[in-house]
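Peer 1: coords please:
(2 chains)
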Amino acid sequence: MTYPFLEIEKKWQEYWDKNQTFKVVEDPSKPKYYILDMFPYPSGAGLHVGHPEGYTATDIIARYKRMKGYNVLHPMGWDAFGLPAERYAMQTGIHPKITTQQNISNFRRQIKMLGLSYDWSREIDTTDPNYYKWTQWIFLKIYNSWYDKELNKARPINELPIPNNLNEQEKYEYIANQRLAYLAEMPVNWCEELGTVLANEEVDEWIEKGYKVERKMMRQWMLRITAYADRLESDLDELDWPENIKDMQRNWIGRSEGAEVEFQVKNHIDTIKVFTTRPDTLFGATYMVLAPEHKLVEKITTSDYMHNVLKYKEQSSLKSELERTSLDKNKTGVFTGAYAINPATKKEIPIWIADYVLLSYGTGAIMAVPGHDERDYEFAKKYNLEIVEVVSGGNIETAAFTGDGIAVNSANDEVSLNGLPTKEAKEKIINWLQEKMIGKRMINYKLRDWLFSRQRYWGEPFPLVYDENGRVIDLPEEELPILLPDVESYKPSGTGESPLATIENWVNYVDKKTNKIYRRETHTMPQWAGSCWYYLRYLDPNNPNKFCDSEKEKYWMPVDLYVGGAEHAVLHLLYSRFWHKVLYDLGYVSTKEPFIKLVNQGLILGEDGQKMSKSLGNVINPDEVVENYGADSLRLFEMFMGPLEDTKPWSTKGVEGVFRFLNRVWRMFIDENGKINASLKDIPLSVEQERILHQTIKKVTNDIETLNFNTAISQMMIFVNSFINLDVKPLSAMKIFIKILSPFAPHLAEEIWSRLGNSQSIVFEPWPEYDEEKTKEDMIEMVIQVSGKVRAKLQIPLDSTEDLVKDLAMKQESVKKYIEGKEITKIIFIKNKLLNIVIK
RNA sequence: GCCGGGGUGGCGGAACUGGUAGACGCACAGGACUUAAAAUCCUGUGGACCGCAAGGUCCGUGUCGGUUCGAUUCCGAUCCCCGGCACCA
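Peer 2: Numbers count the residues shown, from 1 in each chain, chains lettered A, B, ... in the order given. Purely as a prediction, here's the structure:
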């Protein structure tokens, strides 16, 4: 007979729902705790066993913190815009709204079946107009801001100082160029079959699925995240996040220090600016390379070379980002016929174009120092360009020397670096460049501005229109939300515009006051937009007047613990930190950072140790697990498998193991007739029982705090193993045990708690305290070593002195045997641990 | 190549701050209950060797070395695995 988990779980889920047990409101008398799960994309496939892992972990902490007296905010919602629903609509003609709602219902059912203690009154859905109204509102705030480099913060656009003497058009452009959201003609990843651009990070995924992605110049909305590069990097130091995630963000931001140097193009008025981290090697710059898309290319190319250059440009434009970067060892390029003057050597150096130089990094041009840069070296070898040694320490006959060393061959009439170590040489040459006004110290970031528009239907419309001159006009806040219109066909328009562009009466926007006709922006926002700020909407999900009441924001923020998959390490977490900082600068939120502590749950593999996938047939469906063993077993097993952060394989036998444990717990309290087990009596605990009880409270308490749920469960198993066979079980200990089990197996705990005669839910019972003194053993096992090897074990009273232990040890046959006739050189005594007799 | 994390029984994993390696669970073996099975309960279970037995000896935390009375833990080298990044000038 197994315990009636199906019945119990249904009963308590209904109870929690009906009584709104987990609904919270602000309560200044209690400390708050905001614990957040990364909200899921409700896919058609339903919940995966990976989801309950993180959700159970946060649920245990949420329930624990409630019992500890915290006011716990623990919400759930749906990140429901996205391409899969739209693609399904393209195939079936069914509105994505409908499939999305179906998927959400299924996800909600599955999540509810796990007994997670969410405050469902705060449920949000990014595709709900009442939600995306505020996504649009925040976009307008970003659009209507500029970055003040002096104050190092964003400010409203109407505070932007505007130079006099600008005409109206110039003024418009000046302002447009300062906004944190701006239009730019960009090389983008265009996928013809999907009919949309893709973010760089999305490209690989679609190529794997067999789609073609090409580079194309398109006008797109960009968000000026680069203005925050510095703060996004330095504020990481304050966060309690896994070191590898912080590192990934640092790498992504990619700060590097160096200098910008200007090179005069021979016989032209133009100069070429380059960024270099090694200004000390300026004397070794023997040629220059421009990215093929660099705007000076066609201007400086001589007629003899024009044909080649254009052909090369054509070829590289056809390559995708992936192709351009994966053909790493074979660099190509062509000479432009033009020369630049190396400002240090005054020599004429040839200007090439090559696609190993990227337009998007630095200035899109480099000074090539083949002696001290591997890429330049390889390129110079291939095309027979001059290689000069300017830093000693390597052998440039065989390879570029990229390390630090002593500068050589680096002097002109005005400045000499010769003899200086790299660091000093950098300083000196930068000073010289600055004096000559041809260069300056500079910090560069790998981070690029965020390409924020998509040519899709299923996303938030931009609250923007264009006038007849193509100028952008933001719509007033009162008109939000800008509703996503219904559409006949979800297929791409075929013109590189979103399906929205085909709806004439939506595209044409009539200003009510002036009756002027404007054209709406028909692109939509990327999926990341909704997830950038959802943690704020949970605080005040139904507020029709504000994205979030500021008193509520001050009470709940920041998020104390954020748990989710490592796949969002960079993008979601960087984007939402960025939005948060903009809101912070503008005074809408009170904290610099949204998520104080972050934990990534590990991946759950199939039973075969491989990643779960339909094609391998190793996918575990949580519905089936719950049906066969109950939600409490699923929860417990997911936590028992191993450390939360680790990747670990599923095991059906393992689920059976924890299921057996829960059955043992049930039988410990309830007999075959469903009555309270007659062995439960109101009797005092023995010293031994008290010790195990207090050890268990201590271990479980500490392990929850440190998120070591697997060992907490082990300890509870130890407790049950030692109490289950007692003929008489002390009721007081049993009650304490069921409380500490309750965050892990809440349904079972509620049922037993209520059968023990309690009319109130166990959810708000105070968490049991332990007494350190009572956790201590009075007799402990002392290890006796001879020269580091264990030779005997003694049962001795706690805190026995060295002398006592020594006397006892020396009497042991097994010890005598080894020390007899030997000289004792040293005795090491560690209280309550061991005695080590060192002999010669 | 660079950055981060990790290699512990047949398996998932424990082990505080340098102090008994293998908690807890799975699997397996033996036993009890049962007409039988399932369920449940009890016992054993890192390896090699010695012993009829009680028990004992040696080896053992990827590999090789070092520090130490003592190393899964600290240091150096090395191999392998996982995750991320990768022409970023």
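
Peer 1: List the beta-bridge partners for A:Tyr34.
Peer 2: A:Leu73 (DSSP bridges).

Peer 1: For A:Arg577, see how far away it is.
Peer 2: The gap separating A:Tyr34 from A:Arg577 is 16 Å, by C-beta to C-beta, to the nearest Å. To be clear about C-beta, it is placed using only N, CA and C from the backbone, and glycine gets the same treatment.

Peer 1: Got the phi and psi for the spatially most central residue of chain A?
Peer 2: Chain A has A:Ala569 as the residue nearest its centroid, 2.6 Å off, counting by C-alpha atoms, centre = their mean. Per-residue torsions, A:Ala569: phi -50, psi -40 (degrees, to the nearest 10).

Peer 1: ok, it - contacts?
Peer 2: A:Ala569 makes contact with A:244-245, A:248-249, A:600 under the criterion C-beta atoms under 8 Å, 6 or more residues apart in numbering.

Peer 1: Isn't A:Ser256 up against A:Met442?
Peer 2: No. Counting by C-beta atoms under 8 Å, A:Ser256 does not reach A:Met442; the two are 9.4 Å apart.

Peer 1: Enumerate every residue touching A:Ile443.
Peer 2: A:230, A:255-258.

Peer 1: Show me the beta-bridge partners of it.
Peer 2: In beta-bridge terms (that is, DSSP bridges), A:Ile443 pairs with A:Glu257.

Peer 1: And it, how far from A:Asn708?
Peer 2: 41 Å.

Peer 1: quick one: the nearest residue to A:Arg87 once chain neighbours are set aside and RNA strand B, what's the gap?
Peer 2: Excluding the flanking residues, the one nearest A:Arg87 by C-beta to C-beta, 6 or more residues apart in numbering is A:Leu194, at 7.9 Å. Taking C-beta to the nearest atom of the strand, to the nearest Å as the measure, A:Leu194 falls 21 Å from RNA strand B.

Peer 1: Assign a three-state SS to A:Leu194, would you?
Peer 2: coil (DSSP: H, G, I helix; E, B strand; the rest coil).

Peer 1: try the one 3 residues further on
Peer 2: The local conformation at A:Val197, judged by three-state DSSP, is strand.

Peer 1: thought it was touching A:Trp206?
Peer 2: No. Taking contacts as C-beta under 8 Å, A:Val197 lies outside contact range of A:Trp206: 11.2 Å.

Peer 1: any residues in contact with both of those two?
Peer 2: A:Cys191.

Peer 1: So which of the two has more stuff around it?
Peer 2: A:Val197 (24 against 18; other C-beta atoms under 10 Å).

Peer 1: Report how many residues lie close to the closest residue to that one other than its chain neighbours.
Peer 2: If the residues on either side of it in the chain are set aside, A:Val197 comes closest to A:Val188, at 4.3 Å by C-beta to C-beta, 6+ apart. For A:Val188, the count of nearby residues is 23 (other C-beta under 10 Å).

Peer 1: go on, A:Phe661?
Peer 2: 20.

Peer 1: okay but it is in contact with A:Phe637, surely?
Peer 2: No. Under the criterion of C-beta under 8 Å, A:Phe661 makes no contact with A:Phe637, lying 9.6 Å away.

Peer 1: Next one: A:Lys607 from RNA strand B, what distance?
Peer 2: Not quite, residue A:607 is Glu, not Lys. From A:Glu607 over to RNA strand B (counting by C-beta to the nearest atom of the strand), the distance is 9 Å.

Peer 1: Please read the previous query as pertaining to A:Trp78.
Peer 2: If you go by C-beta to the nearest atom of the strand, the gap between A:Trp78 and RNA strand B works out to 24 Å.

Peer 1: sec struct for the residue of the stretch 101-250 of chain A found nearest RNA strand B, please.
Peer 2: Closest residue of the stretch 101-250 of chain A to RNA strand B, C-beta to the nearest atom of the strand: A:Asn244 (3.0 Å). A:Asn244 falls in the helix class when you classify it by three-state DSSP.

Peer 1: tell me the contacts of it?
Peer 2: A:Ala569.

Peer 1: interface residues of the stretch 401-550 of chain A facing RNA strand B?
Peer 2: Counting by C-beta under 7 Å from any atom of the strand, the residues of the stretch 401-550 of chain A lying close to RNA strand B are A:444, A:446.

Peer 1: Break down the stretch 401-550 of chain A into its strands, ranges please.
Peer 2: Counting by DSSP state E, counting those that start in this stretch, the stretch 401-550 of chain A has strands at residues A:406-407, A:439-445, A:450-451, A:464-466, A:472-474, A:508-510, A:517-520.

Peer 1: Then the stretch 551-700 of chain A?
Peer 2: A:561-565, A:598-601, A:604-605, A:648-649, A:680-681.

Peer 1: can I get those strands in JSON lines with mean neighbour count and distance to RNA strand B?
Peer 2: Shown next, in JSON lines, are these (neighbours: other C-beta atoms under 10 Å; distance: least, C-beta to the nearest atom of the strand, whole Å):
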{"stretch": "strand A:561-565", "mean neighbour count": "22", "distance to RNA strand B": "10"}
{"stretch": "strand A:598-601", "mean neighbour count": "22", "distance to RNA strand B": "9"}
{"stretch": "strand A:604-605", "mean neighbour count": "20", "distance to RNA strand B": "9"}
{"stretch": "strand A:648-649", "mean neighbour count": "18", "distance to RNA strand B": "4"}
{"stretch": "strand A:680-681", "mean neighbour count": "17", "distance to RNA strand B": "17"}
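
Peer 1: and the nearest residue to A:Arg231 once chain neighbours are set aside, how many neighbours?
Peer 2: When the adjacent residues along the chain are set aside, A:Arg231 lies closest to A:Lys581, with 6.2 Å between them (C-beta to C-beta, 6+ apart). By other C-beta under 10 Å, the residues close to A:Lys581 number 23.

Peer 1: Isn't A:Lys581 up against A:Leu232?
Peer 2: Yes. A:Lys581 lies in contact with A:Leu232 (C-beta under 8 Å); the separation is 7.4 Å.

Peer 1: what bridges to the residue nearest to A:Gly459 when sequence neighbours are not counted?
Peer 2: Excluding the flanking residues, the one nearest A:Gly459 by C-beta to C-beta, 6+ apart is A:Thr524, at 3.2 Å. A:Thr524 has these beta-bridge partners by DSSP bridges: A:Arg454, A:Pro461.

Peer 1: Okay then, goodbye and thanks.
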